[in-house]
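Colleague: I'd like to go over a predicted model; first the sequence, then the structure.
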Amino acid sequence: MTAESLPSGQINSLADIPEYKGLWSWVTSIDHKQLGIMYISSAFAFFLVGLSFGIIMRTQLLVPMNRFVAQDFYNQVFTMHGTTMIFLMAMPLLFGFSVYLVPLMIGARDMAFPRLNAMGYWIYLFGSLMLFFSFVGGGAPAAGWFSYAPLTEKGFSFDPGITYWALSLLVIGVGSVATGINLIATILTFRAPGMSLQRVPLFVWMVLATSFLVIMSLPALNAAIIMILFDRILNTHFFAPAYGGSALLWQNYFWFFGHPEVYILILPGFGVVTEVIPVFSRKVLFGAGFLAASTVAITFLSFGVWMHHMFATGLGFSVLYVFALSSLLIAVPTGIKIWNWIATMWGGSIRFTTAMLFATAFLIQFTIGGLSGVLFAVIPLDWQLTDSYFVVAHIHYVLLGGMFFAMLSGVYYWFPKVTGRMLSEKLGRWHFWLMVLGFNGTFFVMHLLGVFGMPRRVWTYPYGQPMVAYLNMFSSLSSYVLAFSILIFFWNMISSLYKGKIAGDNPWQAWTLEWATSSPPPPENFDSLPPVYSRRPLWDLENAAAKVPEGGEQS
Amino acid sequence: MKQGAVLGMILFIASESIFFLLLVLAYVNFHKTTGQEAAAMLDPVKTGLFSIALISSSFTLWMAEKSRPKNKGLFRLWLFATVVLGAIFLTGQMMEYGKLITHKLTISRDLFGSTFFTLTGFHGLHVFIGLVLLSVLLGLALKGRQNEPPEPGVQSVAIYWHFVDAVWIVIFSIVYLWRYV
């Protein structure tokens, strides 16, 4: 379809592009595609590290009174697991998808500020390495991924771990703000002729919303981190109650960042499934306007719900009611999205490729995670379940079963575009089914453990509690299945990179602009752009060609 | 790209305003807790005079932008005046810090010290960065090529500088003047 109307050149793999040859071309690159690949590769590398931490925890919890790792080390492991997964894996992964895809989807040559883009990546990489240097630099942070004061004060955490944590997150945070600014400027000023904001793909629309959340919420984390750094280095007293400081100030500032952060992480995932589901259902997206508008609603509401992380801190009743209400309210725009995706699939001729399987599993698992989240807005339940394994189950259903499954769907969908090779569908199916089993096995039982009263972050648990030992063992064994499925995934990526089927420009018969160029795209992205009259320029092109057999005039 | 630079700066300012808002809120949150007698050591009149220098530098920068298309010499002169006024403000802040520290009012003394030095210190850092940016503009205006400094560059630095001024007006009102209301 695109062969006659769009010159695609002779590019079939990354090796065919002379500009991308050699390590030096990557290190000095300001090309958004190279930086996107580097972001995604680094994020997956850190995913393996974070996964190993998770496996260490599950092995420690395999049986009661286990002595697999020491208590101090266990504290470091769960802190580094959370920090790695949120800040070094999830955010860079979505930034990688964003900087790779946004210019292609809006028909641009590159980002608005290519050098700033490169700075964002390198600042992230070195900030991350600094965090891991803490293991040899005197002890890793051990106060949990949200580092509650006053445990993080010098009097309680004398090791330099928290200082490393704060410094590297500050560095990474500055880089994230830079990338957020860059993405907004790109989307607002670099769109192809004819591509109004109503016509950008929904993924781009959600990246725009995410970027606004990034630039408006990261400064809260930066401010809080500067205060904890000053507390530890300059002996200030922001969070030290003994000197009149306030530990709750940290919680307020952290969650003012932390709740929008949840939507920073999930919105690009929403964007990915919004691209994948219509293509594999062969149907127009149902209610695109509602999807876009509900994203805007989420963006605003997410700044007004942070105190639901603090219901157990003795807030006044009026505060409790306001934040319970807003937390229930934010479930509505999210529910609208679920409805839209289901309605898009309804009656379509669905092709269950691996990408579509992951998108479908996302729908189910994210809905479970969303519903357990709504439970926390019910204050008495929150008081009962807070800081228990129920919370662990919830966050993993939202971020691993939700965000990460959506991103995997995106990997199976866009891998052919990025590398020019198809991922193996056979290995993909093994990966998918083992991961669904492993993930749900590991985390679903944690709901029960939480209800039974097992607190999160405990190093071990005693014998003789009904069911607790069985459920923990089940969870731990399932986590090995989960880890094994990830190994299959990595093997799939590596082997397909060399031996995968050649993809061609548009293997899925998709409709957005990134499929109008070669796979992988040349450094300049497009030789010529098709005209943009709607959200689906390639569909327009195909139909125009079908209606006028001679074809020339239309495209 | 022209639009891009200015838009990028506006977005950066939006992000920065949240950052300063939270530093100000930390000051407000603690201002009744401790350090009342320390706060009395501030000299609103003297700092007020230096503040006038900073606020008038916004005016001179505006004049510089206005005179640029017509008269390049005048543009350089107003730009130079802006740098001087900004430097005067920063000198004033140094002197104030020196006086407070010799009176044992340091960042680690109490919560007033913590919040005061963090808030005004980060503002001072922003003034310093602004001075560097303005000096680059001035250097380009004196030695650069025909079209340097580029228009979007001047515009975005101006936006940044006005923002830094506006933040100071908020800080000065809350830290120095609030007690007298």
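Modeller: Arrived safely, thanks for sending.

Colleague: so where's the chain uncertain?
Modeller: As the question left the chain open, I've gone with chain A. In the predicted model, chain A carries pLDDT under 70 at residues A:1-9, A:545-555.

Colleague: can you look at chain B instead?
Modeller: Residue ranges of chain B with pLDDT under 70: B:1-2, B:34-35.

Colleague: where along chain B do the strands fall?
Modeller: For chain B, applying DSSP state E gives no strands.

Colleague: list, one by one, the residues from it near chain A.
Modeller: B:1, B:3-4, B:7-8, B:11-12, B:14-16, B:18-19, B:22-23, B:26, B:29-30, B:33-34, B:107-108, B:110-111, B:113-115, B:118, B:122 (Cβ under 8 Å from any Cβ of the partner chain). Where C-beta positions appear, they are placed from N, C-alpha and C, glycine not excepted.

Colleague: give me the buried entries from these.
Modeller: Neighbour-count burial (16 or more other Cβ atoms under 10 Å in any protein chain shown) applied to the residues of chain B next to chain A gives B:4, B:7-8, B:11-12, B:14-16, B:18-19, B:22-23, B:26, B:29-30, B:33-34, B:107, B:110-111, B:113-115, B:118, B:122.

Colleague: what about residue 126, neighbour count?
Modeller: Picking chain A for this. Neighbour count for A:F126, taken as other Cβ atoms under 10 Å in any protein chain shown: 14.

Colleague: could you do chain B instead?
Modeller: Residues lying near B:H126 (other Cβ under 10 Å) number 19.

Colleague: contacts only, for it.
Modeller: B:16, B:164, B:167 (Cβ atoms under 8 Å, 6 or more residues apart in numbering or on different chains).

Colleague: wait, A:T367 touches A:W341, no?
Modeller: No. In this structure, A:T367 is not within contact of A:W341 by Cβ atoms under 8 Å, at 10.2 Å.

Colleague: in terms of neighbours, single out the busier of the two.
Modeller: Neighbours were counted for A:T367 and for A:W341 using other Cβ under 10 Å; A:W341 has more, 25 against 17.

Colleague: which element is the more buried one on?
Modeller: Element membership for A:W341, per DSSP states H and E: helix A:331-345.

Colleague: now the angle from whichever helix or strand comes after that helix to helix A:331-345?
Modeller: Once helix A:331-345 ends, the next helix or strand along the chain (criterion: DSSP H and E) is helix A:354-377. If you take axes from the mean of the first three to the mean of the last three Cα atoms, to 10 degrees, helix A:354-377 sits at 160 degrees to helix A:331-345.

Colleague: longest helix of chain B, counting residues only.
Modeller: Secondary structure of chain B read by DSSP state H shows that its longest helix is helix B:111-143.

Colleague: in it, which residues are buried?
Modeller: Using 16+ other Cβ under 10 Å as the test for burial, helix B:111-143 gives B:111-120, B:122-124, B:126-127, B:130-131, B:133-134, B:137-138, B:140-141.

Colleague: stretch A:408-427 too?
Modeller: In stretch A:408-427, counting by 16+ other Cβ under 10 Å, buried: A:408-425, A:427.

Colleague: distance from the chain centre to that stretch, please.
Modeller: Relative to its chain's centre, stretch A:408-427 lies at 18 Å (Cα atoms, centre = their mean, to the nearest Å).

Colleague: start and end of that stretch, how far apart?
Modeller: 13 Å (Cα to Cα, to the nearest Å).

Colleague: ok, back up a step: for the helix holding A:W341, name the packing helices and strands.
Modeller: In terms of contacts (3 or more Cβ pairs under 8 Å, 6 or more residues apart in numbering or on different chains; DSSP states H and E), helix A:331-345 is packed against helix A:247-281, helix A:288-301, helix A:354-377.

Colleague: could you give me the buried positions within the helix or strand just after the last one?
Modeller: Yep, that's helix A:354-377 we're talking about. Tracing the chain past helix A:354-377, the next element assigned as helix or strand by DSSP H and E is helix A:379-385. Of the residues in helix A:379-385, A:379, A:382, A:385 count as buried by neighbour count, 16+ other Cβ under 10 Å.

Colleague: got these as JSON lines, with distance to chain B columns?
Modeller: Shown next, in JSON lines, are the buried residues of helix A:379-385 (distance: Cβ to the nearest Cβ, whole Å):
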{"residue": "A:I379", "distance to chain B": "25"}
{"residue": "A:D382", "distance to chain B": "25"}
{"residue": "A:L385", "distance to chain B": "30"}
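
Colleague: and the residues you listed, which is closest to A:I187?
Modeller: A:D382 (36.9 Å; Cβ to Cβ).

Colleague: the closest one against A:A312, yeah?
Modeller: Yes. Between A:D382 and A:A312 there is a contact at 7.0 Å, judged by Cβ under 8 Å.

Colleague: related to what we said a few turns ago, which ones among the buried residues of stretch A:408-427 lie within helices?
Modeller: Counting by DSSP H, the buried residues of stretch A:408-427 contribute A:408-419, A:425, A:427 to helices.

Colleague: export the residues you listed as a markdown table, with columns for distance to chain B.
Modeller: Below are those laid out as a markdown table (distance: Cβ to the nearest Cβ, whole Å):
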| residue | distance to chain B |
| --- | --- |
| A:L408 | 31 |
| A:S409 | 30 |
| A:G410 | 26 |
| A:V411 | 29 |
| A:Y412 | 33 |
| A:Y413 | 29 |
| A:W414 | 26 |
| A:F415 | 31 |
| A:P416 | 31 |
| A:K417 | 26 |
| A:V418 | 26 |
| A:T419 | 30 |
| A:E425 | 41 |
| A:L427 | 42 |
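
Colleague: quick one, the helix or strand harbouring A:F489 and helix A:354-377 angle?
Modeller: In this structure, A:F489 sits in helix A:468-499 according to DSSP H and E. Relative orientation of helix A:468-499 versus helix A:354-377 (the same axes, to 10 degrees): 150 degrees.

Colleague: give me the number of residues near B:R179?
Modeller: For B:R179, using other Cβ under 10 Å, the count is 13.

Colleague: ugh, typo on my part, it should be A:S388
Modeller: 19.

Colleague: got it, and A:Y463?
Modeller: 9.

Colleague: what's the closest non-adjacent residue to it?
Modeller: Closest residue in space to A:Y463, ignoring its immediate chain neighbours: A:P64 at 4.7 Å, by Cβ to Cβ, 6 or more residues apart in numbering or on different chains.

Colleague: count the residues that sit near the one you found.
Modeller: 15.

Colleague: what of A:V296?
Modeller: 14.

Colleague: got it, and the one 4 residues further on?
Modeller: The local packing of A:F300 (other Cβ under 10 Å) involves 13 other residues.

Colleague: and A:A149, by the same measure?
Modeller: By other Cβ under 10 Å, 26 other residues sit near A:A149.

Colleague: go on, A:M65?
Modeller: 9.

Colleague: cool, and the one 10 residues further on?
Modeller: Burial of A:N75 is recorded as 20 neighbouring residues (other Cβ under 10 Å).

Colleague: B:K104 now?
Modeller: 9.

Colleague: separation between it and B:A38?
Modeller: According to Cβ to Cβ, to the nearest Å, B:K104 stands 9 Å off from B:A38.

Colleague: what do you get for A:F303?
Modeller: Counting by Cβ to Cβ - A:F303 and B:A38 are separated by 34 Å.
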